[in-house]
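J.: Mind looking at a prediction? Sequence and model below.
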Amino acid sequence: MAEFLVALADFDKRRRWLELGHSSLFYFLHRELGLSKGAAHYRKTAAELVQKFPEIVEALRDGRLCITSIVPLARVLTPENRREMLPKFFQRSKREAMAVAAALQPASAPHRDVVTALRPGGPPASNAAAPAVGPAPGPEPAPGQAVQPVEPGATAASLVPKPARRDAAEPLTADLSRLHITVSRRFLEKLQAARAALSHSRPSASAEEILEAGLDLVLKRDAKRKGLVQKPRKENPPKENPPAESHIPAAVKRQVWTRDGGRCQWPLESGGVCGSTLRVECDHRVPLASGGASTVDNLRLLCRFHNDLAARRAFGDEWMNQFTRGAAQAASAQPGADSS
């Protein structure tokens with residue numbers, strides 16, 4: 001494992017996962033090597049720590065440091081405290097390492113979504129989603145439970161201020177799940193205002209019904225943005241003043257989103273596509289600046305990362321850095337454009 005992490009750290013430092021069509025080391029481990037999300041997250045975090053603190057390699061090699069202790073260690077380890085901090089995590093289990101990290105850096109107000117299973121013999125839940133103030137009463141994660149990955153590109157240090165996020169749910173019945181969520185006072189005020197706004201049409205609406213109504217509005221707006229409406233407008237004859245070349249007709253956008261299934265179509269070296277559903281955008285295979293048209297055949301869906309990568313390959317880093325925040329530093333760390 002130690003030798004694998006050393007090789008993985010070098011692989012990540014040289015950003016070789018980019019050459020294989022992946023947007024981060026995490027997705028290379030998860031999609032290319034087939035690791036679970038938890039295993040990929042541990043190894044990604046370990047590879048980042050090896051790059052910053054090479055001394056942890058020997059501790060991993062001789063077993064003093066367990067890979068399950070890597071994530072808690074990453075929260076508190078800095079160049080200034082490395083000598084005194086690292087030994088505190090030797091011979092520690094995952095749970096013990098979490099306790100050490102919490103004692104050194106307590107969480108002031110954790111915000112997380114926790115789903116708890118119904119106790120045996122307990123009554124069925126009447127409300128599947130109930131906002132609660134204060135820490136969620138859910139059980140502690142079991143040993144070996146998968147850890148939700150961070151955003152691609154995030155470093156170990158960036159994990160410190162971010163609360164844990166859990167997207168998994170444990171069912172109560174075939175149709176119901178219980179969700180405990182820690183919310184702010186601002187959220188509760190908005191919930192109360194929404195209850196009053198729906199008091200005429202839904203006088204006894206539960207918290208779940210109110211939140212679901214809000215989610216329906218979000219999804220309806222998103223579908224309209226993609227052109228995925230139930231009753232699309234009829235195509236009007238061309239106007240005397242045609243729209244800008246960058247304009248994508250709603251009918252074309254609708255066909256592209258339906259064809260690509262709302263997923264990023266960036267090809268991977270090992271076969272298949274990226275498949276991400278986050279921050280997906282329409283991309284011109286032949287760029288507009290090169291004479292490409294906004295047609296179904298010339299359009300594809302790409303996630304934000306691969307859309308930017310496609311533009312950089314077409315126009316170069318120097319030009320694209322004008323439009324990308326913080327791109328100058330990122331570009332300096334990438335391999336040369338000729339290598340791709």
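T.: Happy to help now that I have it. Residues are numbered from 1 along each chain as shown.
J.: longest single helix anywhere in the protein?
T.: helix 207-226 (DSSP state H).
J.: Quick check: buried residues in it?
T.: Going by neighbour count (16 or more other Cβ atoms under 10 Å), the buried part of helix 207-226 is 207-208, 210-211, 226. For glycine as for every other residue, the C-beta is placed from the backbone atoms N, C-alpha and C.
J.: How about stretch 285-295?
T.: Neighbour-count burial for stretch 285-295 flags 292, 294 (criterion: 16+ other Cβ under 10 Å).
J.: same question, stretch 188-202
T.: Residues of stretch 188-202 classed as buried under the neighbour-count rule (16+ other Cβ under 10 Å) are 191, 194-195.
J.: Pick the one among the buried residues of helix 207-226 closest to R313.
T.: K226 (25.5 Å; Cβ to Cβ).
J.: For the closest one, give me its contacts.
T.: Residues in contact with K226 (Cβ atoms under 8 Å, 6 or more residues apart in numbering) are 253-254, 257, 262.
J.: ditto for W17
T.: Taking Cβ under 8 Å, 6+ apart as the test, what W17 contacts is 11, 24-25, 27-28, 32.
J.: model confidence over the longest helix of the chain, on average?
T.: Averaged across helix 207-226, pLDDT comes to 88.
J.: Can you show me the CA trace of that helix as CSV?
T.: Extracted C-alpha coordinates of helix 207-226, given in CSV (Å, rounded to 0.1, in the frame of the first residue of the first chain):
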residue,chain,number,x,y,z
ALA,A,207,-42.6,20.2,6.0
GLU,A,208,-42.0,17.5,3.4
GLU,A,209,-44.8,18.8,1.2
ILE,A,210,-43.5,22.4,1.4
LEU,A,211,-39.9,21.4,0.5
GLU,A,212,-41.1,19.1,-2.3
ALA,A,213,-43.1,22.0,-3.8
GLY,A,214,-39.9,24.1,-3.8
LEU,A,215,-37.9,21.3,-5.4
ASP,A,216,-40.6,20.9,-8.1
LEU,A,217,-40.1,24.6,-9.0
VAL,A,218,-36.3,24.2,-9.1
LEU,A,219,-36.6,21.1,-11.4
LYS,A,220,-39.2,22.8,-13.6
ARG,A,221,-36.9,25.8,-14.1
ASP,A,222,-34.0,23.5,-14.8
ALA,A,223,-36.0,21.5,-17.4
LYS,A,224,-37.1,24.8,-19.1
ARG,A,225,-33.4,25.8,-19.3
LYS,A,226,-32.6,22.6,-21.1
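J.: Let's see the helix or strand just after that helix as CSV, backbone CA atoms only.
T.: Next in sequence after helix 207-226, counting helices and strands by DSSP states H and E, comes helix 250-260. Output of helix 250-260 as CSV, limited to C-alpha atoms (Å, rounded to 0.1, in the frame of the first residue of the first chain):
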residue,chain,number,x,y,z
ALA,A,250,-34.8,25.2,-27.8
ALA,A,251,-35.7,22.3,-30.1
VAL,A,252,-32.0,21.6,-30.7
LYS,A,253,-31.1,21.9,-27.0
ARG,A,254,-33.9,19.5,-26.2
GLN,A,255,-32.7,16.9,-28.6
VAL,A,256,-29.1,17.1,-27.4
TRP,A,257,-30.1,16.7,-23.7
THR,A,258,-32.4,13.8,-24.5
ARG,A,259,-29.8,12.1,-26.7
ASP,A,260,-26.9,12.5,-24.2
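J.: What segments of this structure are helices?
T.: Using DSSP H, the helices of the chain run over residues 2-13, 16-19, 25-27, 37-52, 56-61, 70-76, 82-85, 94-104, 185-197, 207-226, 250-260, 304-315, 317-320, 327-333.
J.: Sweet, I'm off.
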